[in-house]
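> Please find the sequence and the predicted model below.
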Amino acid sequence: MKRLLVAVLGALLLAGGAARAEPVKIRFTLDWKLQGLHAWYYWAQEKGYFKAENLDVTIDQGEGSAATVTRIMSGVYDAGFGDINAVIQNAAVRPAETPVMVYMIYSKAPFALLTKADSPVKSVKDLAGTKLGAPAGGAAFKLLPLLAKANGLEYGSIAITQVAPNLQEQMLLQGQVNSIAVFSATSYMNLVALKLDPDKDFRWIFYSDAGIDLYSNGIMVSRKLANDSPEAVKGLLRAINRSIRETVENPDAAIALLAAKEPLINKDIEKRRLIYVYKSLIDTPEARQLGLGDISDARLDTAINLISEAFELPKKPAPAQVFDRAFLPPKADRVPPQVGP
């Protein structure tokens with residue numbers, strides 16, 4: 001009887017200790033300033049999904065999707081939403097410090113060159129001798145040498161002007177640059193907000209149409225977080241995966257929640273951006289086949305080869321150093337929801 005009592009008391013103490021376990025703190029960086037496409041992170045936070053996974057998540061705005069990688073490598077952030085191609089580049093030289101992608105969101109890359117409809121820049125080769133503007137931390141800019149090489153263009157023939165993220169479209173409109181390297185998800189809606197027609201008034205040259213079919217942004221975590229707290233990473237992805245599905249099915253509520261965080265956003269524009277991004281970049285045929293968050297190993301291997309060659313990386317990183325699907329929720333939970341027109 002005494003042994004039984006000791007066992008019961010021990011179990012109660014263990015249970016109490018588990019209940020009192022401190023939540024895992026995760027500092028999470030976005031890729032950019034707050035937009036509709038970030039709604040699911042704040043949804044997960046406000047709905048208590050992070051808390052339910054015993055996570056204490058702090059979300060900060062970003063400075064570019066390639067910069068997400070360096071932010072995590074600095075140790076200031078534990079996880080973030082950023083560019084897998086920047087992971088590939090850094091994994092070739094600093095594999096132990098480079099974060100690993102654990103959930104692909106942009107199955108189709110939004111990288112594009114944007115120019116006016118009447119511009120002489122009609123192809124990548126036409127960039128020679130012209131002025132191109134881009135933020136230094138932007139992934140579209142970081143991948144420009146790869147795009148140039150794939151199209152037989154001498155990268156040095158482009159006059160690069162570094163611009164502030166919020167001034168890209170204005171500089172193009174004012175004629176200060178001939179083209180800009182952009183994320184379609186951002187610039188398309190910026191043009192809509194300026195009462196311009198993104199399809200009629202401008203020419204879009206997508207990297208994917210110019211020989212560079214890459215993956216793009218997803219959730220990445222530090223090596224330390226992945227190694228020390230694997231259950232926390234799984235919980236982070238469960239919360240975000242659930243929130244992606246719920247926000248695209250409830251866009252009005254999602255944007256209203258986002259506006260409570262940032263009252264200055266244009267709710268109509270950001271709702272349209274949320275749906276545009278989901279339909280054009282996330283809900284792809286590949287995502288429907290593999291489930292949200294997963295990737296094609298063959299496609300990733302091709303991307304690694306392309307980037308390794310274009311950037312003359314000293315070593316080609318292994319796919320496992322770049323992407324790890326071990327933390328993904330079950331495939332049945334990652335079926336992309338179908339949203340209306």
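Thanks, I have it.
> Please make it C-alpha for all contacts and neighbour counts, starting now.
Noted.
> Quick one: residues contacting I212.
Applying Cα atoms under 8 Å, 6 or more residues apart in numbering to I212 gives the contacts L146, L147, A150.
> Quick one, grab the pLDDT at it.
For I212, the model assigns a pLDDT of 91.
> And for the one 10 residues further on?
According to the per-residue confidence, S222 scores 98 in pLDDT.
> Tell me, how many residues neighbour it?
Here the number of neighbours of S222 (other Cα atoms under 10 Å) works out to 24.
> residues touching G156, list them.
So G156 contacts nothing (Cα under 8 Å, 6+ apart).
> Can you get me the start-to-end distance on stretch 211-228?
One end of stretch 211-228 to the other measures 39 Å (Cα to Cα, to the nearest Å).
> Beyond the lengthiest helix in the chain, next helix or strand please.
Longest helix in the chain, counting residues (DSSP state H): helix 230-249. Per DSSP states H and E, the first helix or strand lying C-terminal to helix 230-249 is helix 251-261.
> for the next helix or strand after that following helix, packing partners?
Proceeding N to C from helix 251-261, the next assigned helix or strand is helix 267-277, under DSSP H and E. Judged by 3 or more Cα pairs under 8 Å, 6 or more residues apart in numbering; DSSP states H and E, the packing partners of helix 267-277 are helix 184-193, helix 251-261.
> which of the residues in helix 267-277 are buried?
Using 16 or more other Cα atoms under 10 Å as the test for burial, helix 267-277 gives K267, I269, E270, K271, R272, R273, L274, I275, Y276, V277.
> Quick check: the first one vs D197, distance?
Using Cα to Cα, K267 is found at 19 Å from D197.
> Could you do the third one as well?
Relative to D197, E270 is positioned 17 Å away (Cα to Cα).
> circling back: please produce JSON lines containing the buried residues of helix 267-277, extended by distance to Q170 and pLDDT.
JSON lines is the format used below for the buried residues of helix 267-277 (distance: Cα to Cα, whole Å; pLDDT from 0 to 100):
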{"residue": "K267", "distance to Q170": "21", "pLDDT": "95"}
{"residue": "I269", "distance to Q170": "18", "pLDDT": "94"}
{"residue": "E270", "distance to Q170": "19", "pLDDT": "94"}
{"residue": "K271", "distance to Q170": "23", "pLDDT": "95"}
{"residue": "R272", "distance to Q170": "21", "pLDDT": "93"}
{"residue": "R273", "distance to Q170": "19", "pLDDT": "93"}
{"residue": "L274", "distance to Q170": "23", "pLDDT": "96"}
{"residue": "I275", "distance to Q170": "25", "pLDDT": "95"}
{"residue": "Y276", "distance to Q170": "22", "pLDDT": "91"}
{"residue": "V277", "distance to Q170": "22", "pLDDT": "95"}
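> how about a markdown table for the helices and strands packed on helix 267-277, with distance to H38, mean neighbour count and mean pLDDT added?
A markdown table is the format used below for the helices and strands packed on helix 267-277 (distance: least, Cα to Cα, whole Å; neighbours: other Cα atoms under 10 Å; pLDDT from 0 to 100):
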| stretch | distance to H38 | mean neighbour count | mean pLDDT |
| --- | --- | --- | --- |
| helix 184-193 | 11 | 19 | 90 |
| helix 251-261 | 8 | 18 | 96 |
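> Using JSON lines, please lay out those helices together with distance to A287.
Below are those laid out as JSON lines (distance: least, Cα to Cα, whole Å):
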{"stretch": "helix 184-193", "distance to A287": "18"}
{"stretch": "helix 251-261", "distance to A287": "20"}
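> Quick one: closest of those helices to G62.
helix 184-193 (13.4 Å; Cα to Cα).
> and that closest one, how far out from the chain's middle?
When distances are taken as Cα atoms, centre = their mean, to the nearest Å, helix 184-193 is centred 17 Å away from the chain's centroid.
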